[in-house]
Every structure is written in C-alpha cells, then in structure tokens.
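Participant: 3D model of this:
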Amino acid sequence: MVPLNADDFDKRLRLARLCSEAGHWDKAERYARAALEIDVTSSEAAKLLLKALEKQKKDDLLSKWTALLQAPAAAPPQQAEPKKGREP
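Facilitator: Numbers count the residues shown, from 1 in each chain. Next up, the predicted model:
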C-alpha cells in the first residue's frame, strides 16, 4: 500500500480511484471520504464516494451525501449595518 500522511489528499484520492476500479467499494468509500475531509470541493472525490455508496446499495447514505454535496456553499454572515441617526 501507500504510506499516508494525515493531510495527503492526492494519495487518498488515488487510493479511492484504485479501489473503485478494482471493485473494492468499501475501501473506495473510506478513501473518498478521507479525501473529502481534506478537500470538500473535490468533485472527483465526491463522484467516487457517490459511486461507492451506490455500488454498496447504501441508498440512505447516498441520498444524504447527494443532497449535502449539491447544497450551495454557505454565504458568509452579514454584518449588521450601523444604525442611522444619533451618534453615541
């Protein structure tokens, strides 16, 4: 196998891809999740995770992850506008 650094996105993505190609769906799921923990914006890791969940017939998780990955990014909080009128 490949030695893993806790933050090594490329190796985790590669392992997810290789496991997916070999039909090791449980491992593909694990490594795709690990890759997404490092880079939540990775469309390849997301696709690999969804495929692994589908192949394992984990329909409940598949629908949750699909909704989560398709949700728009949260907007930054709005700052309150200063009140007009009297000055302190």
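
Participant: Not counting the strand or helix carrying Glu37 itself, show me its contacts.
Facilitator: Using DSSP states H and E, Glu37 falls within helix 25-38. With contacts defined as CB atoms under 8 Å, 6 or more residues apart in numbering, helix 25-38 is touched by 7-9, 12-13, 15-17, 19-20, 42, 45-46, 48-49, 51-53, 55-56. Heads up, the C-betas are built off the backbone N, CA and C, glycines and all.

Participant: residue closest to the middle of the protein?
Facilitator: Residue closest to the average C-alpha location in the chain (CA atoms, centre = their mean): Leu36, at 3.5 Å.

Participant: For Gly23, give me phi and psi.
Facilitator: For Gly23, the backbone dihedrals are phi 80, psi 20 (criterion: degrees, to the nearest 10).

Participant: so how far is Leu62 from it?
Facilitator: 17 Å (CB to CB, to the nearest Å).

Participant: out of those two, which sits in the busier spot?
Facilitator: Leu62 (18 against 10; other CB atoms under 10 Å).

Participant: Could you pull up the residues touching the closest residue to that one other than its chain neighbours?
Facilitator: Distances taken as CB to CB, 6 or more residues apart in numbering put Leu53 closest to Leu62, at 4.2 Å, once the chain neighbours are dropped. Residues near Leu53 by CB under 8 Å, 6+ apart: 29, 61-62, 65.

Participant: and which of those residues is nearest Ala71?
Facilitator: Trp65 (10.7 Å; CB to CB).

Participant: Correct me if wrong: the closest one contacts Lys51.
Facilitator: No - applying CB atoms under 8 Å, one finds Trp65 not in contact with Lys51, separated by 10.9 Å.

Participant: Low-confidence regions, the protein specifically.
Facilitator: Within the chain, the stretches with pLDDT under 70 are 1-6, 73-88.

Participant: at 90 what do you get?
Facilitator: 1-7, 40, 64-88 (pLDDT under 90).
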